[in-house]
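Peer 1: Got a predicted structure plus its sequence, pasted below:
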Amino acid sequence: MEFELTAKDEHSAARAGTITTGHGPIETPIFMPVGTAGTVKAVTQQQLRQDIGAPIILGNTYHLYLRPGTEVLEEAGGLHRFNGWTGPILTDSGGYQVFSLSNNRKLTEEGAVFQSHIDGSKHLFSPERVMDIQRSIGADIIMAFDECPPYPSDYTYARKSMELTHRWLTRCVKRIGETEPRYGYEQTLFPIVQGSTFRDLRKESARFIADMGAEGNAIGGLSVGEPEEMMYEMCALCCEHLPADKPRYLMGVGTPWNILENIALGVDMFDCVMPTRNGRNGMLFTTQGVINIKNKRWANDFSVIDEGLDCPSSRYYSRAYLRHLFVANEILGLQIASIQNLAFYLHLVKQAREHILAGDFNTWKNETIPILKQRL
């Protein structure tokens with residue numbers, strides 16, 4: 001994997017670049033749609049490419065390991081051939097899912113023993129096993145196995161958790177180094193910075209991760225309940241100590257304004273379930289602001305969903321029709337809303353890139369965020 005910086009903003013830490021993988025280039029900053037179980041919910045791969053313009057999607061190790069399983073994925077030739085996605089894929093290590101099963105898992109130095117949410121069967125995720133699973137899935141970018149501490153965490157727990165994440169990372173790096181890429185293309189490991197909301201821990205973790213010399217780095221454990229300003233503070237601190245010549249990935253963030261603020265801090269890559277999850281519940285993110293499409297006020301609004309987007313669904317269907325689909329519990333409504341939100345997120349990061357290249361990103365960001373926060 002290669003990363004080339006194209007431009008930097010003079011009035012913030014925002015930057016534009018290009019990540020090149022075995023499945024093609026990714027222009028940054030970028031938002032990556034979440035396809036947890038090998039699919040972005042309610043959206044086809046063709047729609048992701050043609051209507052939304054997504055260059056990369058995510059998969060999840062925990063879910064894909066349990067179903068359909070690595071044997072099926074290996075027989076298919078990897079997740080790309082299994083689901084028909086021809087672009088790059090990043091896989092989350094499953095750490096967040098495992099540790100969210102607080103009543104059904106046991107954490108040890110070796111790894112995490114957990115019960116499947118599907119059938120209750122017991123499994124062990126060790127750093128080595130998680131690297132092997134991600135090799136089998138066929139991800140272009142592989143995430144290290146880490147522990148994501150909850151918010152709030154006390155200092156003692158946060159330090160122990162961070163140190164365990166670092167020890168696991170060392171084992172992940174070793175395992176990647178002694179195994180070969182699958183399916184004929186490179187697979188790149190990203191370490192993850194942890195440390196909860198403690199400045200000294202975040203700084204220590206970012207320096208530890210930077211010293212690993214990986215091709216890209218991630219910031220985890222944020223957007224888990226802490227105040228927005230604290231998230232920005234921790235992110236800025238991490239970016240200060242992560243290499244400037246490597247892509248920085250902020251995991252699980254967030255709202256459109258969160259994304260713009262963190263781009264300004266130096267982040268290049270984002271993912272979040274918010275656009276699809278909120279879309280399925282009737283919340284639309286648009287270029288004019290936030291819409292609750294279930295509200296009666298849209299019942300006779302025959303204007304298009306979002307005239308500011310160059311997306312077929314956004315400029316074809318009316319708000320009144322989309323509201324009708326939700327009221328009638330029609331599945332098409334979930335699909336249209338999901339496409340709208342993902343198209344908007346991809347449009348937003350594309351605009352951010354254009355303004356970084358033009359040299360006026362910070363001014364544009366400050367003017368845009370109040371519009372995005374409006375409730376229509």
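Peer 2: Ah, there it is. Not measured: the values here are computed from a predicted model.
Peer 1: Kindly confirm my reading that residue 350 is in a strand.
Peer 2: No: if the criterion is DSSP: H, G, I helix; E, B strand; the rest coil, then residue 350 is helix and not within a strand.
Peer 1: Model confidence score at the one residue sitting closest to the centre of the chain, please.
Peer 2: Closest to where the C-alpha atoms of the chain average out (Cα atoms, centre = their mean) is residue 271, at 1.9 Å. Looking at residue 271, its pLDDT is 98.
Peer 1: which ones are touching it?
Peer 2: Applying Cβ atoms under 8 Å, 6 or more residues apart in numbering to residue 271 gives the contacts 31-34, 58, 90, 249, 251-252. C-betas here are computed from N, CA, C, even on glycine.
Peer 1: Leaving out the residues flanking it, which one is nearest to it?
Peer 2: residue 32 (4.4 Å; Cβ to Cβ, 6 or more residues apart in numbering).
Peer 1: just to revisit the earlier point, from the contacts of residue 271, which land in strands?
Peer 2: 31-32, 58, 90, 249 (DSSP state E).
Peer 1: CSV for those, including pLDDT?
Peer 2: Listed next are the ones in strands among the contacts of residue 271 as CSV, based on pLDDT from 0 to 100:
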residue, pLDDT
31, 98
32, 98
58, 98
90, 98
249, 98
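Peer 1: Most widely separated two among those?
Peer 2: 31 and 90 (12.0 Å; Cβ to Cβ).
Peer 1: Can you report how many residues lie near the residue nearest to residue 271?
Peer 2: Using other Cβ atoms under 10 Å, residue 32 has 24 other residues around it.
Peer 1: and it, what is it in contact with?
Peer 2: 54, 56-58, 90, 269-271.
Peer 1: What ranges does the stretch 101-250 of the chain have for its helices?
Peer 2: 127-137, 155-177, 199-211, 228-241 (DSSP state H, counting those that start in this stretch).
Peer 1: so which of these gets nearest residue 5?
Peer 2: helix 228-241 (13.7 Å).
Peer 1: May I see the buried residues of the closest one?
Peer 2: Neighbour-count burial for helix 228-241, counted by 16 or more other Cβ atoms under 10 Å, picks out 231-239, 241.
Peer 1: what does stretch 170-189 give?
Peer 2: 171-173, 175-176, 182-183, 187-189.
Peer 1: now the lowest-mean-pLDDT helix or strand in the chain, how far from the chain's geometric center?
Peer 2: None of the helices or strands of the chain scores lower by mean pLDDT, DSSP states H and E than helix 95-100, at a mean of 79. Here helix 95-100 is found 15 Å from its chain centre; the criterion is Cα atoms, centre = their mean, to the nearest Å.
Peer 1: Same question for stretch 241-249.
Peer 2: Per Cα atoms, centre = their mean, the centroid offset for stretch 241-249 relative to its chain is 16 Å.
Peer 1: what comes up buried for that stretch?
Peer 2: For stretch 241-249, burial by neighbour count (16+ other Cβ under 10 Å) applies to 241-243, 246-249.
Peer 1: Looking at those residues, which is nearest residue 298?
Peer 2: Nearest to residue 298 among these, with distances taken as Cβ to Cβ, is residue 249, at 35.9 Å.
Peer 1: Pretty sure that closest one sits against residue 267.
Peer 2: Yes: counting by Cβ atoms under 8 Å, residue 267 is a contact partner of residue 249 at 7.4 Å.
Peer 1: between the two, what contacts are shared?
Peer 2: Contacts common to residue 249 and residue 267, judged by Cβ under 8 Å, 6+ apart, are residue 219.
Peer 1: circling back to that earlier point, redo the buried residues of stretch 241-249 as CSV? Include distance to residue 64.
Peer 2: Shown next, in CSV, are the buried residues of stretch 241-249 (distance: Cβ to Cβ, whole Å):
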residue, distance to residue 64
241, 32
242, 28
243, 30
246, 26
247, 23
248, 25
249, 19
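Peer 1: Name the nearest residue to the residue of the chain most remote from its centre, ignoring sequence neighbours.
Peer 2: Outermost residue of the chain with respect to the C-alpha centroid, by Cα atoms, centre = their mean, is residue 300; its distance is 35.8 Å. Leaving aside its sequence neighbours, residue 300 sits nearest to residue 320 (Cβ to Cβ, 6+ apart; 5.9 Å).
Peer 1: name the helices or strands packed onto the helix or strand harbouring the one you found?
Peer 2: In this structure, residue 320 sits in helix 319-327 according to DSSP states H and E. Helix 319-327 sits against helix 331-358, with contacts defined as 3 or more Cβ pairs under 8 Å, 6 or more residues apart in numbering; DSSP states H and E.
Peer 1: got the angle for the helix it packs on vs helix 319-327?
Peer 2: Counting by axes from the mean of the first three to the mean of the last three Cα atoms, to 10 degrees, helix 331-358 lies at 130 degrees to helix 319-327.
Peer 1: buried ones in helix 331-358?
Peer 2: Quick answer for helix 331-358 (16+ other Cβ under 10 Å): 333-353, 355-356.
Peer 1: taking the mean pLDDT, what do you get for the helix or strand just after it?
Peer 2: As assigned by DSSP H and E, the chain's next helix or strand after helix 331-358 is helix 361-373. Here helix 361-373 scores 98 as its mean pLDDT.
Peer 1: Also stretch 292-304?
Peer 2: Average pLDDT, stretch 292-304: 98.
Peer 1: Could you check how far that stretch is from the centre of its chain?
Peer 2: 30 Å.
Peer 1: buried stuff in that stretch?
Peer 2: 292-293, 298, 301, 304.
Peer 1: Next: stretch 104-124.
Peer 2: For stretch 104-124, using 16+ other Cβ under 10 Å, the buried residues are 105, 111-114, 123.
Peer 1: next one: stretch 204-221
Peer 2: Neighbour-count burial for stretch 204-221 [16+ other Cβ under 10 Å]: 204-206, 208-210, 212, 214-221.
Peer 1: how long is it from one end to the other?
Peer 2: 15 Å (Cα to Cα, to the nearest Å).
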